[in-house]
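>>> A predicted structure for the sequence below; I have some questions about it.
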Amino acid sequence: MVAPRNIGKPMRSLIIDDEENIRRTTAVVLEAMGYETDGAEDRATALKRVEAAHFDLAFLDLKLNGESGLDLLPELLKLNPQLEVVVFTAYASIETAVEAMRRGAADYIPKPFTPEQIRRVLNRVIEAHRLRERVADLESRLSSDTPGTELTSVVPAMQKVFDVAAKVAATPATILLMGESGTGKTVLARAIHSRSNQKDKAFVTVNCPSLSRELLESELFGHVKGAFTGAAADTMGKVALADGGTLFLDEIGELPPEIQPKLLRLLQEKEYERVGEAKTRRADVRVIAATNRNLDKAVKEGRFREDLYYRLNVISVIVPPLRDRVADLPAIAGNYLQFFARQCGKPIKGFSPEAEQALRGYSWPGNLRELRNVIERAVILAGTPEIGLPDLPEQLSQPAGRAEPGGLQIGARVSLEALENEHIARVSQQAATLEEAARILGIDPATLYRRRKKMAP
């Protein structure tokens with residue numbers, strides 16, 4: 001039998017039927033399977049129950065004291081789009097079954113039914129739901145086109161990061177990942193999710209600086225039709241999509257001040273409202289946040305709420321830059337090499353001694369994302385089964401281009417793009433906000449965000 005849920009608490013089911021005996025019998029079967037149950041005898045009570053609390057499943061009779069269960073079905077789904085509805089009725093027919101499915105039912109049981117029929121239907125519904133979530137997660141992984149990462153290191157500081165991540169993965173604790181841009185915080189967040197009790201649920205990413213305040217709030221919490229110009233239909237929002245799973249907030253230091261108290265409320269009370277709607281909704285999400293900013297400094301300067309910072313900082317992990325993980329570099333580079341060699345269909349087996357020495361001698365200001373791009377480029381250009389020095393960018397392959405600890409030097413034999421990336425990275429590290437960095441660089445924040453994203457793994 002498929003287990004009801006794998007996140008530490010049972011699924012909740014609402015039984016909507018005008019016959020008390022049916023409600024009681026169905027509840028006995030569900031509770032024996034580990035579900036929590038509640039009942040409603042008519043349309044008004046059912047809507048009130050769904051408005052007041054979160055339910056994962058609903059069993060709906062098509063005849064409710066003269067009211068139509070078919071008409072109630074879309075109303076339930078509007079209140080909770082993730083609700084899985086199983087319809088049962090004594091008026092079984094192909095027509096009603098087709099109509100119920102057309103209106104959003106997940107399955108259909110004719111009366112009279114046996115406990116075994118309920119178990120079989122629930123197993124199908126739950127498995128289909130999990131498969132949809134798994135497909136969405138796999139699509140997200142494929143779209144990110146990121147090579148796999150082994151959570152092992154020969155560098156003590158990095159191994160400590162992996163050890164802490166492994167210990168907290170199975171807990172519901174909020175995690176704050178800190179470190180320079182490109183150090184692999186997103187990869188680590190996904191690895192934590194894959195080892196958590198929420199692993200069968202969705203991993204949903206929100207890039208905090210990617211949109212205006214209004215659009216970011218809508219992306220996070222959803223909106224109702226007409227809430228603002230262009231809101232042509234109701235939208236769930238990523239908090240609802242992540243319900244039961246993990247919500248990853250990337251670059252949390254750029255979260256607008258107006259949204260910070262709403263996120264704090266979600267963390268503390270698991271409650272939120274969609275934009276343009278006064279009704280309170282609930283979501284059980286595990287939050288992992290990442291930043292390359294100094295949040296302590298942002299709190300002191302009044303740009304980040306102190307209470308939100310402490311709520312996010314339950315477990316904090318500082319991810320070291322690649323220049324402090326030189327001993328790990330051959331393994332990481334080899335992993336990237338295998339990934340891109342398979343992707344390109346090339347029989348490349350490794351690096352020449354000269355190429356490996358060049359990789360080790362470079363300071364990698366762009367961290368893992370820069371290494372990833374260098375290896376991908378080298379695989380594409382390589383004409384032999386071994387990556388050689390000529391396959392690497394000039395800043396690695398030419399002695400004059402080797403970077404000192406301070407980074408790339410003007411006048412070195414490096415590409416303009418490499419210099420621009422280095423300058424963007426340094427300015428972004430020093431600036432208080434993304435907007436300030438954009439002003440210093442003379443570009444708009446959206447362009448800066450795209451440049452930084454292009455550099456990301």
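On my side now, so go ahead.
>>> same question for the strand or helix carrying residue 118, mean pLDDT?
Of the helices and strands defined by DSSP states H and E, residue 118 is found in helix 115-144. Averaged over helix 115-144, pLDDT sits at 73.
>>> and the helices in the stretch 51-200 of the chain?
Ranges of helices within the stretch 51-200 of the chain are 69-79, 94-102, 115-144, 156-169, 185-194, based on DSSP state H, counting those that start in this stretch.
>>> low-confidence ranges in the stretch 251-400 of the chain?
Scanning the stretch 251-400 of the chain with the threshold set as pLDDT under 70 gives 397-400.
>>> at 50 instead, please
Along the stretch 251-400 of the chain, the parts satisfying pLDDT under 50 run over 399-400.
>>> show me where it has its strands.
Assigned by DSSP state E, counting those that start in this stretch, the stretch 251-400 of the chain shows strands spanning 271-272, 281-282, 286-291, 315-318, 350-351, 386-387.
>>> may I see the buried residues of stretch 441-456?
441, 445, 448-449, 451-452, 455-456 (16 or more other Cβ atoms under 10 Å). From N, CA and C alone the C-beta is placed, and that goes for glycine too.
>>> my read is that residue 396 contacts residue 374, right?
Yes: counting by Cβ atoms under 8 Å, residue 396 touches residue 374, with 6.9 Å between them.
>>> on that earlier part again, so which of the strands of the stretch 251-400 of the chain is the most packed in?
Among the strands of the stretch 251-400 of the chain, strand 286-291 has the highest mean neighbour count (mean count of other Cβ atoms under 10 Å), at a mean of 26.
>>> quick check: the gap between residue 170 and residue 314.
Using Cβ to Cβ, to the nearest Å, residue 170 is found at 15 Å from residue 314.
>>> quick one, what contacts the nearest residue to residue 274 once chain neighbours are set aside?
Leaving aside its chain neighbours, residue 274 sits nearest to residue 222 (4.2 Å; criterion: Cβ to Cβ, 6 or more residues apart in numbering). The contact partners of residue 222, taken as Cβ atoms under 8 Å, 6 or more residues apart in numbering, are 234-237, 239-240, 274-275.
>>> which of the helices of the stretch 51-200 of the chain sits most buried?
Note that of these, helix 185-194 is the most buried (mean count of other Cβ under 10 Å), with a mean of 22.
>>> which among the contacts of residue 222 end up buried?
Burial by neighbour count, 16+ other Cβ under 10 Å: within the contacts of residue 222 this picks out 234-237, 239-240, 274-275.
>>> what sits against the residue lying closest to residue 65 once chain neighbours are set aside?
Nearest residue to residue 65, sequence neighbours excluded (Cβ to Cβ, 6+ apart): residue 18, at 4.7 Å. Applying Cβ under 8 Å, 6+ apart, one finds that residue 18 lies in contact with 41-42, 61, 63-65.
>>> could you rerun that using 7 Å?
41-42, 61, 64-65 (Cβ atoms under 7 Å, 6 or more residues apart in numbering).
>>> which residues of the stretch 201-350 of the chain fall in helices?
In the stretch 201-350 of the chain, the helices defined using DSSP H, counting those that start in this stretch lie at 213-221, 238-241, 260-269, 295-300, 306-312, 329-344.
>>> so which elements touch the second one?
Counting contacts by 3 or more Cβ pairs under 7 Å, 6 or more residues apart in numbering; DSSP states H and E, helix 238-241 is packed against strand 203-207, helix 213-221.
>>> the ones you listed: which one's closest to residue 333?
strand 203-207 (25.8 Å; Cβ to Cβ).
>>> now that closest one and helix 185-194, what's the angle there?
Per axes from the mean of the first three to the mean of the last three Cα atoms, to 10 degrees, the angle that strand 203-207 makes with helix 185-194 is 150 degrees.
>>> could you check the angle strand 203-207 makes with strand 286-291?
If you take the same axes, to 10 degrees, strand 203-207 sits at 30 degrees to strand 286-291.
>>> so residue 434 sits against residue 209, correct?
Yes: Residue 434 is within contact range of residue 209, at 4.9 Å (criterion: Cβ atoms under 7 Å).
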